[in-house]
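Participant: Sequence first, then the predicted structure, then my questions.
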There are 2 protein chains.
Amino acid sequence: MNSKKLWVVGIGPGSKENMTLRAIDVLESCDIICGYTVYCDLVKPYFPNKEYLSTPMMGEEKRVAMALQKADEGNHVALICSGDAGVYGMSGLSYELGRDFPEVEIEVVPGVTAAISGAAILGAPLIHDFSVISLSDRLTSMELIEKRLRAAAGSDMVIVLYNPESRSRKGYLSHACDILLETIPGDRVCGIARNIGRDGQRYEVMKLLELKDADADMFCTVFIGNSSTKNISDVMVTARGYRGEKSENVR
Amino acid sequence: MNSKKLWVVGIGPGSKENMTLRAIDVLESCDIICGYTVYCDLVKPYFPNKEYLSTPMMGEEKRVAMALQKADEGNHVALICSGDAGVYGMSGLSYELGRDFPEVEIEVVPGVTAAISGAAILGAPLIHDFSVISLSDRLTSMELIEKRLRAAAGSDMVIVLYNPESRSRKGYLSHACDILLETIPGDRVCGIARNIGRDGQRYEVMKLLELKDADADMFCTVFIGNSSTKNISDVMVTARGYRGEKSENVR
């Protein structure tokens, strides 16, 4: 049996109540918790008697290698990710760098990603087919991001935008809206979920034309509805399908 | 303060350990649990002293209306959905039918949907931008489903297929693969996660050409990698971005 193990754990949006029981069990049973400084600070109050190893943003490879190294030395290590471990998370890099640590088994513990937790705050914006697209061009070209925005908009999928803007990427959300407006009418129902599961959590439902001028940062998740999405009393609600009007008759 | 409330709760893939603490708290505190028969049977062992109201498959509108009615009568009601409440779940219909029950407040409790829990079993297939597409044409035309498959494949997004086949929809996965093969090479890394979080959980990593002939049912979630997805020791791993090769050098 393999006794060396790295758990890659999605902690959800931040508070303990949004973690799965399995994530909590793993964090309670491990010796070392590795993660981005901000996420370590989030979970420390719930799991106080652990060794915390954190690296700042951009230090992803260092962080994952450090976690693998500690696991290889025989420690029970959890590498924590905000939201889910596999959506813009560290699980992929863990398997890639894990090839250098063949004795360390990797187990991914899924968590509630912002597309899911943000949707719950806004009401029911997803419901049907959707695309999740990051506006960060740190590792992906803007050309490819634009192509994906056009593809999702052109096939009437609900769109969820991660990393809409940051201090160094101002105007990205507005640019993305311009591309979407090539295909989607300006009155399309959209929404922003802010600080999901943390202090200052709030949401706004608006039109695509308003979204173009909205303030956004790295703590925002943005939703663009499909052609069936409605604003029902400031809640974003997408129909279950294009024959969904049936539901209104049957009711 | 509004005392009439309906909770729409995503229970994750099935076992209690994959529920969030918040979902567990809500189910523990409510009087009535409404849901599809199969999901009620899944949670009954964990929450035995509740009134269970279930309707069979296809009875979604009846089920939601029943839950709203019970909440309107002053009961604490949870309407449970497999995975997440907002991904092909009942939260949208709750808000739509909820217009007839203006005194009932609706709160959505998010859960781990199959795109997330299935990804964790397969390794790290998502990691970057992805599209979630259902192959069920019960409420959506096959023409639109095909358009979305082409859009996602043409813009190199990872694709997650829900409801790949059912007893009445044989051959749908094979048909979807034919459409994807118009754009995607036959050796593209793909995977199937079966019976996630339940008895008989297992996964297979294969090529797109093999996926075309694979057996699938309603308990399968299917993953089609993007051009950067690798098979690392039978684990499906997608790179973090197209400049991700950097990670190998930096390491």
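Facilitator: In hand now; what should we look at? Numbering: from 1, shown residues only, chains lettered A, B, ... in the order given.
Participant: burial count for A:Gly186?
Facilitator: Look at A:Gly186: counted by other Cβ atoms under 10 Å in any protein chain shown, it has 13 neighbours. Yep, even glycine has a C-beta here, placed from its N, CA and C like the rest.
Participant: residue contacts, it?
Facilitator: A:207-209 (Cβ atoms under 8 Å, 6 or more residues apart in numbering or on different chains).
Participant: What subset of those residues is buried?
Facilitator: A:Leu208 (16 or more other Cβ atoms under 10 Å in any protein chain shown).
Participant: Strands - which of the contacts of A:Gly186 land there?
Facilitator: Among the contacts of A:Gly186, the ones falling in strands (DSSP state E) are A:Lys207.
Participant: Okay, and A:Trp160 sits in which element?
Facilitator: No, residue A:160 isn't Trp; it's Val. Using DSSP states H and E, A:Val160 sits in strand A:158-162.
Participant: Dihedrals phi and psi, the nearest residue to A:Ser3 once chain neighbours are set aside?
Facilitator: The shortest distance from A:Ser3 to any non-neighbouring residue, by Cβ to Cβ, 6 or more residues apart in numbering or on different chains, is to A:Gly74 (7.5 Å). The phi and psi values for A:Gly74, taken as degrees, to the nearest 10, are phi 100, psi 0.
Participant: likewise the one 5 residues further on?
Facilitator: A:Leu79 has phi and psi values of phi -100, psi 120 when expressed as degrees, to the nearest 10.
Participant: just the helices in chain A please.
Facilitator: A:21-29, A:37-43, A:60-72, A:91-98, A:114-122, A:142-154, A:172-181, A:208-211, A:245-250 (DSSP state H).
Participant: Would you tell me which one of these is buried the most?
Facilitator: Most buried of the helices of chain A by mean neighbour count (mean count of other Cβ atoms under 10 Å in any protein chain shown) is helix A:114-122; its value is a mean of 29.
Participant: Show me where the stretch 151-251 of chain A dips below the pLDDT cut-off.
Facilitator: A:242-251 (pLDDT under 70).
Participant: Can you tell me which residue of it sits closest to chain B?
Facilitator: A:Gly241 (2.4 Å; Cβ to the nearest Cβ).
Participant: ok, that residue touching A:Asp156?
Facilitator: No: using Cβ atoms under 8 Å, A:Gly241 is not in contact with A:Asp156; the gap is 11.6 Å.
Participant: Show me which of these two is the more surrounded one.
Facilitator: A:Gly241 (22 against 19).
Participant: which residues touch A:Asp213?
Facilitator: A:Ser174.
Participant: quick one, phi psi at it?
Facilitator: phi -110, psi 10.
Participant: sorry, back to before: how about the helices of chain A, which one is nearest B:Cys190?
Facilitator: helix A:91-98 (16.1 Å; Cβ to Cβ).
Participant: excluding its backbone neighbours, what's nearest the closest residue to chain B within the stretch 1-150 of chain A?
Facilitator: Relative to chain B, the nearest point of the stretch 1-150 of chain A is A:Leu139 (2.4 Å; Cβ to the nearest Cβ). With sequence-adjacent residues excluded and distances taken as Cβ to Cβ, 6+ apart, A:Leu139 is closest to B:Gly241, at 2.4 Å.
Participant: go on, A:Phe130?
Facilitator: A:Val158 (4.0 Å).
Participant: residues near that neighbour, how many?
Facilitator: Count around A:Val158 with other Cβ under 10 Å applied: 25.
Participant: what about it, distance to A:Val26?
Facilitator: Distance, A:Val158 to A:Val26, by Cβ to Cβ, to the nearest Å: 32 Å.
Participant: list the contacts for A:Gly83?
Facilitator: A:10-13, A:89, A:111-114, A:117.
Participant: And for A:Asp156?
Facilitator: A:226-227, B:144, B:148.
Participant: switch to 10 Å and redo it
Facilitator: A:128-129, A:183-184, A:225-228, A:242, B:144, B:147-148, B:151 (Cβ atoms under 10 Å, 6 or more residues apart in numbering or on different chains).
Participant: circling back to that earlier point, what angle do helix A:142-154 and the strand holding A:Val160 make with each other?
Facilitator: 150 degrees (axes from the mean of the first three to the mean of the last three Cα atoms, to 10 degrees).
Participant: helices and strands around strand A:158-162, which ones?
Facilitator: Here strand A:158-162 touches helix A:114-122, strand A:130-134, helix A:142-154, helix A:172-181, strand A:189-194, strand A:220-224, strand B:130-134, going by 3 or more Cβ pairs under 10 Å, 6 or more residues apart in numbering or on different chains; DSSP states H and E.
Participant: Determine which of those approaches B:Leu122 most closely.
Facilitator: It is, among the helices and strands packed on strand A:158-162 and with distance given as Cβ to Cβ, strand B:130-134, at 12.7 Å.
Participant: The closest one pairs with which strands, parallel or anti?
Facilitator: Strand B:130-134 has its sheet partners listed here by DSSP bridges as strand A:130-134 (antiparallel), strand B:158-162 (parallel).
Participant: now, of these, which is deepest in the fold?
Facilitator: strand A:130-134 comes out most buried of the strands paired with strand B:130-134 by mean count of other Cβ under 10 Å, with a mean of 27.
Participant: Send over that one as CSV, restricted to the C-alpha atoms.
Facilitator: C-alpha atoms of strand A:130-134 as CSV (Å, rounded to 0.1, in the frame of the first residue of the first chain):
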residue,chain,number,x,y,z
PHE,A,130,-22.8,26.8,-20.1
SER,A,131,-19.2,27.7,-20.8
VAL,A,132,-16.6,28.7,-18.1
ILE,A,133,-14.0,31.1,-19.5
SER,A,134,-11.2,32.9,-17.7
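Participant: Do me a favour and average the pLDDT over that strand.
Facilitator: Averaging pLDDT along strand A:130-134 gives 98.
Participant: angle of that strand against helix B:114-122?
Facilitator: Going by the same axes, to 10 degrees, strand A:130-134 makes 70 degrees with helix B:114-122.
Participant: Contact partners for A:Ala239?
Facilitator: A:124, A:127-128, A:225-230, A:245, A:247-248, B:92-93, B:96, B:139.
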